[in-house]
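>>> Dropping a prediction and its sequence here:
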Amino acid sequence: MATVIDGRLLAKKLNESTKEEVTIMNSKSIVPCLAVIIVGEDQASKRYVRSKHKKAEQLGIKSIVKALPEETTEKELLSVLDEYNHNDSINAILIQSPLPKHINEKFVMGHINPQKDVDGFQTINSGKLFLNENENYPVACTPKGIMKMLEEYNIELLGKKAVVIGRSTIVGRPMAALLINAGAEVSVINHYANVNDYTKDADIIVSATGELHTVTKKDVKSGATVIDVGQNLNEDGKLVGDVDYDDVSQVAGYITPVPGGVGPMTISTLMSQTVELTKWSEKHNE
């Protein structure tokens with residue numbers, strides 16, 4: 001049976017470390033500040049924003065939530081963003097995705113101040129990641145959290161064969177870049193490919209498709225590490241991932257559950273990165 005990578009436990013550990021750092025900063029009259037902009041009435045987005053706001057406050061991070069109506073124009077959104085970009089008391093900015101269809105999401109994301117881009121989606125920061133620059137810059141929170149999980153469980157990456165299923169800018173592409181930078185041999189595919197052709201010899205599999213049963217037992221070699229980023233509802237309305245967990249856990253060496261795996265690490269990484277951006281900003285202003 002596979003060792004279960006406990007995302008909740010690791011998130012708790014990271015949150016405790018973040019809270020300690022915030023306490024030290026507070027003693028120096030520094031208060032990390034995260035500003036979240038949400039546009040429209042998407043209920044899942046509202047839930048995510050509420051959970052981020054609550055966690056920030058628990059850790060002593062100042063949280064600003066700017067909720068804009070569905071009919072907000074791109075120009076109006078950019079005006080709010082510009083205000084936050086130039087507000088020195090705000091260290092981290094997040095624009096909740098998805099945005100309404102009449103707003104060009106990539107265009108807007110590209111206007112986030114790179115030094116405040118807590119999600120790591122801004123073009124400059126994405127470029128630094130793919131170039132493996134040796135400097136401080138934010139990285140997409142879910143992949144960054146996954147790398148922390150692999151590190152905590154001492155899972156070797158150098159020279160290992162890794163397969164990333166899913167090519168989104170939120171998970172798949174930055175995940176591949178991080179694995180490449182860590183020395184892994186990486187293939188990136190989507191769920192339309194014959195998954196087994198790529199995964200049957202893989203040491204590490206990361207699935208982020210949002211499709212039930214993307215990875216099954218026959219796709220996983222004995223002892224492989226399987227990271228499940230998917231969030232889906234099965235026939236019974238139960239939250240599950242992309243991976244056929246019960247069967248795959250019989251052959252994998254390590255596996256993340258859904259829920260309780262990658263999800264908790266994403267928010268804790270967001271909070272940790274907010275603190276990092278604050279520290280980098282303070283260093284920059286010295």
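All right, it came through fine.
>>> how much space between the closest residue in space to residue 257 that isn't next to it in sequence and residue 252?
Distance criterion C-beta to C-beta, 6 or more residues apart in numbering; nearest residue to residue 257, sequence neighbours excluded, is residue 4 at 5.9 Å. Using the backbone N, CA and C atoms, a C-beta is placed for each residue, glycine as well. Residue 4 sits 10 Å away from residue 252, going by C-beta to C-beta, to the nearest Å.
>>> hang on, the earlier thing: tell me which residues touch the residue nearest to residue 257, please.
Shown in contact with residue 4 (C-beta atoms under 8 Å, 6 or more residues apart in numbering): 249, 254, 255, 256, 257.
>>> so which of these is the most crowded?
With neighbours defined as other C-beta atoms under 10 Å, the most crowded of those is residue 256; it has 27 neighbours.
>>> Surely that residue and residue 215 touch.
No: the criterion here is C-beta atoms under 8 Å, and residue 256 misses it with residue 215 at 11.6 Å.
>>> which residues are common contacts for the two?
Here residue 256 and residue 215 have 226, 228 as joint contacts, going by C-beta under 8 Å, 6+ apart.
>>> what residue ranges in the protein score low on pLDDT?
The chain contains residues with pLDDT under 70 at 284-286.
>>> Helices along that one, start to end?
7-27, 43-58, 74-85, 105-109, 123-131, 141-152, 172-181, 195-199, 245-248, 262-284 (DSSP state H).
>>> Make JSON lines from those helices and add mean neighbour count and distance to residue 235 to it.
Formatted as JSON lines, the helices of the chain follow (neighbours: other C-beta atoms under 10 Å; distance: least, C-beta to C-beta, whole Å):
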{"stretch": "helix 7-27", "mean neighbour count": "16", "distance to residue 235": "25"}
{"stretch": "helix 43-58", "mean neighbour count": "15", "distance to residue 235": "20"}
{"stretch": "helix 74-85", "mean neighbour count": "15", "distance to residue 235": "39"}
{"stretch": "helix 105-109", "mean neighbour count": "15", "distance to residue 235": "32"}
{"stretch": "helix 123-131", "mean neighbour count": "17", "distance to residue 235": "37"}
{"stretch": "helix 141-152", "mean neighbour count": "22", "distance to residue 235": "26"}
{"stretch": "helix 172-181", "mean neighbour count": "23", "distance to residue 235": "26"}
{"stretch": "helix 195-199", "mean neighbour count": "18", "distance to residue 235": "21"}
{"stretch": "helix 245-248", "mean neighbour count": "17", "distance to residue 235": "15"}
{"stretch": "helix 262-284", "mean neighbour count": "22", "distance to residue 235": "21"}
